[in-house]
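*Asks:* What would the 3D arrangement of this be:
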Amino acid sequence: MKIALAKTLLLSSILPTSLAEMVKNLRGGGGGRKLQGSSSCTVLMRADLSINPSRGLTDEGIECEMNAEDMDGFSGLSFPIQGNDAQMTRLKTLLESGDHASGESVLTGLKDAWIDKGKLFLPPGLEIALEKVSSRNNKRNLAIVTGKKPILVVKVTDINGLARTESAAQIGDDVFGTNGDPVNLKSQLFGCSMEKLDVTEGDQEDASLTNGVPNGQGVAPGVMEVTIQLSLQSESRGTIRNAVTTAVQNAIGESLPGRYQQVMYVLQGCYVECGWAAYAYINSWNSVYQGVYYKHTGVQVHELGHNFNLAHSGGLDGQTYTDHTCMMGNPLYSDDTGKMCYNPAKNWQIGWYSDRTLLLDPQVEPTKTVTLVGIADYLNEQSTDPVVIKVETRLANDFFVGFNRATGVNAQNDEGDDVVTVIQVDGNNGSGYSQSRLRAKLGFTGDITGSSYTISNFGGTGVSLTISVDSINLGTVPATATVNFQYGSPGTPSPTSSPTISPTKAPTQSPTKAPTQAPTQSRTKSPTKSPSPTDSPTKSPTKAPTQAPTQSPTQTPTQSPTKSPTQSPTSSPTKAPTVGPNCPSISWSKTCRQTSGCIWEGGLCKNQNTGPTAPTPTAPTPTAPTPTAPTPTTGSCSINSCSSCEGGGACKDAGCRWSKGNCVP
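*Replies:* Prediction:
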């Protein structure tokens, strides 16, 4: 549906003054401004994709999308909410409760709120209250994941001419595959959805448009260009985003998102408030990309996942998005390496496989064996087996199980190839926005945590649930994984067996073996090993003078000058140049991590060190020790006569030290 902008925005003689004044106020140059018309705004959660998650940067924020009447007729403008600790805690609690959702609830009571320095400041005494208004927002096209999906891509140039060097046609190819790009946003969402979601290059339903964009603004299929009168190098990202939104609406003469379900902004880079590759608004229409990341399929699918109301996916290490079995974890950073989908929890939520899911309540069905197939084999007509199992806890933090088959649309999966994965959500029963966490990778070979996983105190019942893999068969079509669920114990044999075995064996073995073996061994061995006066004077003076002067001068000077200078200059300079320089050329994170000498960091494959430095070999000068024959003695082995001790054991027992075949004080 086309929605015209306010009349003042369509009058070219008024727009420049109005826009300049608005930008001045929003940047803080006008002393701020109180809200003019309404007293509410739509709450949005913003999720950032950090380039280097280990830096610990905040990856979520809460903003408010303002009504057009408060923004001089411009829609789609949003500002980070600035409130006191109690207000922000209350707001976050309401959003996480499941009763309210980003993009579907409004924050009310904002009559005394004001905007300054790019933020929305709440009155100190405001009691946070949210109202669900999803019905009034039918134009927002929230989280539509099936059918035709028109997407607009915007290439941005700033006031100083900073813009991506790729042409609009190249950017369109990277997103839509219009010129043959093999793996892109369009192809991957089509594949992961099992052909249920079809991304289109702009609005292809209206034949009057140029490349799917109004007002003749389409410079390539689904792509337009705008210039903003701000500098990327000095303005905050929120101010830049609002300037782009305003410029797009002015160019096409329509409000955003309007006829589009999603709109993607492509920036040349980030200079202020950086550390992110891209960010998107949860259950909403907009995502923003900086630098080369716009063309990475994994980043595209990750950000659109946020628009689809999907949260991040954490890994075994407990971090926010280190589940590399899922695009909502830290995704694949590559243009053409991106054949990977979501994890079982996200697959349950998004609903693409709803006819091939299984709901299991272990408290109703304590023992269950299920055969699973991977999502890539969903369309294989030879199987009707489920692809996702939800394990009901009767709480909000349910478990989800799937077979992570690495083939087809999931062939470039980044972790846990061809194993069974167990995922848990933090809340919302897996049906709404919620952080998910990888709990186990089950199988028999490869990247696994074991063949079974036990959940103690399952659902707070005090009873354990064990999920175990019976078999994984990659030789069938489709490949399958057989998984067993056991709630509690399948039987109670222990009370019967225990009293029978214990009294039978104990009285039989104890009286029989003890009297037979003990007297026999003692009488035989004791008089045989005892005569030490014969061995001691013979062995002690013979071995000591022979071993010490012979071994010491022979082995030490031979090994040291031969091995040390040979291995050091040969091995080190040969191996390092082969591995190190190749790391930056690896674009797939999995390949990088599996390559010796490489490390994956910040979306790039890097050398683990700065490069090989061949050591200068220095041949040691051998010095042959002067052999000194020990004086034979017949004294007893003691701390006062260490040289009389025979062997290292006797030496140490006497309190002496065994060194190079000799017992010394």
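*Asks:* In the stretch 351-500 of the chain, what residue spans correspond to strands?
*Replies:* Residue ranges of the strands in the stretch 351-500 of the chain, as given by DSSP state E, counting those that start in this stretch, are 357-360, 367-372, 388-391, 399-403, 420-425, 436-442, 452-455, 465-473, 480-487.
*Asks:* Show the contacting residues for residue 124.
*Replies:* Residue 124 makes contacts with residue 84, as judged by CB atoms under 8 Å, 6 or more residues apart in numbering. Quick note: C-beta positions are derived from backbone N, CA and C, even for glycine.
*Asks:* my bad, residue 281
*Replies:* Here residue 281 is in contact with 44-47, 63, 78, 102-103, 287, 306-307 (CB under 8 Å, 6+ apart).
*Asks:* The residues you listed into TSV, with extra columns for secondary structure?
*Replies:* Converted to TSV, those look like this (DSSP: H, G, I helix; E, B strand; the rest coil):
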residue	secondary structure
44	strand
45	strand
46	strand
47	strand
63	strand
78	strand
102	coil
103	coil
287	strand
306	helix
307	helix
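*Asks:* where exactly do the helices run in this structure?
*Replies:* Applying DSSP state H to the chain gives helices spanning 7-10, 15-26, 85-96, 168-176, 185-192, 237-252, 297-307, 344-350, 494-529, 532-579, 589-594, 647-653.
*Asks:* most tightly surrounded among the strands of the stretch 351-500 of the chain?
*Replies:* strand 399-403 (a mean of 27; mean count of other CB atoms under 10 Å).
*Asks:* What average pLDDT does that strand get?
*Replies:* On average, the pLDDT along strand 399-403 is 98.
*Asks:* thinking residue 286 is in contact with residue 261, fair?
*Replies:* No. Using CB atoms under 8 Å, residue 286 is not in contact with residue 261; the gap is 10.9 Å.
*Asks:* Looking at these two, which one has more neighbours?
*Replies:* Just comparing residue 286 and residue 261: by other CB atoms under 10 Å the higher neighbour count belongs to residue 286, 26 against 23.
*Asks:* how about the nearest residue to residue 454, chain neighbours excluded?
*Replies:* Leaving aside its chain neighbours, residue 454 sits nearest to residue 466 (4.6 Å; criterion: CB to CB, 6 or more residues apart in numbering).
*Asks:* Please report the distance of that neighbour from residue 371.
*Replies:* 18 Å (CB to CB, to the nearest Å).
*Asks:* Give me the distance between the residue nearest to residue 340 when sequence neighbours are not counted and residue 406.
*Replies:* What sits nearest to residue 340 in space, not counting adjacent residues and going by CB to CB, 6+ apart, is residue 413, at 5.0 Å. Per CB to CB, residue 413 is found 5 Å from residue 406.
*Asks:* do the same with residue 34
*Replies:* Distance from residue 34 to residue 406, counting by CB to CB: 56 Å.
*Asks:* what do you get for residue 94?
*Replies:* From residue 94 to residue 406 the distance is 40 Å (CB to CB).
*Asks:* Those two: which has the busier surroundings?
*Replies:* Remark: of residue 94 and residue 406, residue 406 carries more neighbours, 23 against 18, as counted by other CB under 10 Å.
*Asks:* So for residue 238, which of the strands of the stretch 351-500 of the chain sits nearest?
*Replies:* Taking CB to CB, strand 436-442 is the member of the strands of the stretch 351-500 of the chain nearest to residue 238, at 28.0 Å.
*Asks:* got any ranges where the stretch 101-250 of the chain has weak pLDDT?
*Replies:* For the stretch 101-250 of the chain, the stretches with pLDDT under 70 are 134-142.
*Asks:* run the last query once more with 80
*Replies:* Confidence mapping of the stretch 101-250 of the chain against pLDDT under 80 gives the ranges 133-142.
*Asks:* Strands along that one, start to end?
*Replies:* So, for the stretch 101-250 of the chain - with DSSP E, counting those that start in this stretch - the strands run 105-107, 114-116, 119-121, 130-132, 147-157, 197-201, 218-220, 223-227.
*Asks:* Out of these, which is closest to residue 607?
*Replies:* When those are ranked by proximity to residue 607 (CB to CB), strand 147-157 comes first, at 33.6 Å.
*Asks:* Not counting that closest one itself, show me its contacts.
*Replies:* In contact with strand 147-157 (CB under 8 Å, 6+ apart) are residues 163-164, 168, 171-172, 175-176, 185, 189, 196-205, 212-213, 222-228, 244, 248, 259-268.
*Asks:* same deal with stretch 457-465?
*Replies:* With CB under 8 Å, 6+ apart, stretch 457-465 has contacts from 362-363, 391, 393-395, 454-456, 485-488.
*Asks:* Taking the residues you listed together, which two end up most distant?
*Replies:* Distance extremes for the contacts of stretch 457-465: the farthest pair is 395 and 486 at 19.8 Å, using CB to CB.
*Asks:* thinking again about what came up before, the residue nearest to residue 454 and residue 337: what is the separation?
*Replies:* In terms of CB to CB, residue 466 sits 36 Å off from residue 337.
*Asks:* Pretty sure the residue nearest to residue 454 sits against residue 453.
*Replies:* Yes. Using CB under 8 Å, residue 466 makes contact with residue 453 at a distance of 7.2 Å.
*Asks:* for stretch 120-131, how far is the first residue from the last?
*Replies:* 18 Å (CA to CA, to the nearest Å).
*Asks:* Quick one: residues contacting the residue nearest the centre of the chain.
*Replies:* The structure's the chain has its C-alpha centroid closest to residue 322; by CA atoms, centre = their mean the separation is 1.8 Å. Residue 322 is in contact with 53, 314-316, 329-330, counting by CB under 8 Å, 6+ apart.
*Asks:* For burial, what's the neighbour tally of the nearest residue to residue 378 once chain neighbours are set aside?
*Replies:* Leaving aside its sequence neighbours, residue 378 sits nearest to residue 194 (CB to CB, 6+ apart; 5.0 Å). A count of neighbours around residue 194, defined by other CB under 10 Å, yields 17.
*Asks:* got a list of what residue 194 touches?
*Replies:* With contact taken as CB under 8 Å, 6+ apart, residue 194 is in contact with 352-353, 375, 378-379.
*Asks:* sorry, back to before: tell me the one of the contacts of residue 322 nearest residue 237?
*Replies:* Closest approach between the contacts of residue 322 and residue 237, by CB to CB: residue 53, at 18.5 Å.
*Asks:* Identify the bridge partners of residue 420.
*Replies:* The partner list for residue 420 in beta bridges (DSSP bridges) reads residue 403, residue 442.
*Asks:* Residue 398 reaches residue 428, doesn't it?
*Replies:* No. Using CB under 8 Å as the test, residue 398 is too far from residue 428 to be in contact (9.3 Å).
*Asks:* Of these two, which one has the most company?
*Replies:* Legend: neighbour count by other CB under 10 Å for residue 398 and residue 428, higher for residue 398 (23 against 19).
*Asks:* Which residues are in contact with the more buried one?
*Replies:* So residue 398 contacts 390-392, 424-425, 429-430 (CB under 8 Å, 6+ apart).
*Asks:* Now for the closest residue to it other than its chain neighbours, how many residues are close by?
*Replies:* The shortest distance from residue 398 to any non-neighbouring residue, by CB to CB, 6+ apart, is to residue 430 (5.2 Å). By the criterion of other CB under 10 Å, residue 430 has 25 neighbours.
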